[in-house]
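J.: Can you look at this prediction? I've put the sequence above it.
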Amino acid sequence: MINLTKEDYEIFESIEKIREEIKKKYIPIKVIDYGAGNPENERSAHTMYKGVEKITNTFEQCSIGLKEKWAEIIYSLVKENMPKKVLELGTCCGFSSIYMAKGCSSSLIYTIEGDKNVAKIASKNIKAASCSNIKQFVGRFQDILDDVLNEIKEIDMAFIDGHHDKKATLNYFEKIKPFLSEKSIVIFDDISWSKGMIEAWEIIKNDSMVKEYKDLKKLGICYFY
């Protein structure tokens, strides 16, 4: 991991300031959750595709996602490796996208969010962070991932942070693999989140294409070179 500078920490502070500003507004949001819910849920594929509606607010929604050392890790990975194209599954409120975009201004971040209202919040946060190197897509991963992959053509880094279901995670991994460049890195979030995610990570880290991996208990990082 690279050594972070004073300027890097100033960037982190500016991002977290945006997060805190929108959290304290407590703006209500109607969200369709297309994910696995929580580790105790056993949502069927049909339920996840249909989605589960819930009412939340910007405090709760913007509290989700990578923060502190975890956000610094994805920032550092981008800064160190300078990927041309990054794919993110799970924009949420946009903060992980912003961290990666700030890591290297020449990287282009393609990020997919399932829910349109959450994507609107992310869009505002991305604008507040003045990130012009983030391209947002809205739709279920199952519906639009193929089109996004065909647009990207070659992925240098991917961050899989949504739909924490074993079968879904493995399916997205298989879809992404043919598009990975020779020196690509794929990061999985919440690899210990549930029994299914633990099993998925066990399969992924032993994939023949993975040359090296780091198991950080929360993040799993696969190197393909």
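T.: Perfect, thanks for sending it.
J.: which residues of the chain fall in helices?
T.: 6-23, 45-50, 58-62, 68-81, 95-103, 116-128, 141-152, 166-176, 195-205 (DSSP state H).
J.: Nearest to residue 183 among the ones you listed would be which one?
T.: helix 68-81 (7.6 Å; CB to CB). Quick note: C-beta positions are derived from backbone N, CA and C, even for glycine.
J.: So the closest residue in space to residue 58 that isn't next to it in sequence versus residue 120, what's the distance?
T.: Nearest residue to residue 58 in three dimensions, chain neighbours excluded: residue 27, at 4.4 Å (CB to CB, 6 or more residues apart in numbering). From residue 27 across to residue 120, the span is 10 Å (CB to CB, to the nearest Å).
J.: Mind listing the shared neighbours of these two?
T.: Contact criterion CB atoms under 8 Å, 6 or more residues apart in numbering; residues shared by residue 27 and residue 120: none found.
J.: pLDDT value on the nearest residue to residue 34 once chain neighbours are set aside, please?
T.: Ranked by CB to CB, 6+ apart and with sequence neighbours excluded, the top spatial neighbour of residue 34 is residue 114, at 4.2 Å. In the predicted model, residue 114 carries a pLDDT score of 96.
J.: for residue 45, same thing?
T.: 89.
J.: That one reaches residue 167, doesn't it?
T.: Yes - Residue 45 lies in contact with residue 167 (CB atoms under 8 Å); the separation is 7.3 Å.
J.: among the helices of the chain, which is the most enclosed?
T.: helix 95-103 (a mean of 26; mean count of other CB atoms under 10 Å).
J.: now what about that one, what contacts it?
T.: Contacts of helix 95-103 (CB under 8 Å, 6+ apart): 11-12, 15, 18-19, 62, 65-67, 71-72, 74-79, 86, 88, 90-91, 107, 109, 111, 122, 125-126, 129, 131, 133-134, 157, 159, 161.
J.: just to revisit the earlier point, dump the helices of the chain into CSV; add distance to residue 211 as well.
T.: Shown next, in CSV, are these (distance: least, CB to CB, whole Å):
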stretch, distance to residue 211
helix 6-23, 28
helix 45-50, 32
helix 58-62, 36
helix 68-81, 14
helix 95-103, 22
helix 116-128, 33
helix 141-152, 22
helix 166-176, 15
helix 195-205, 11
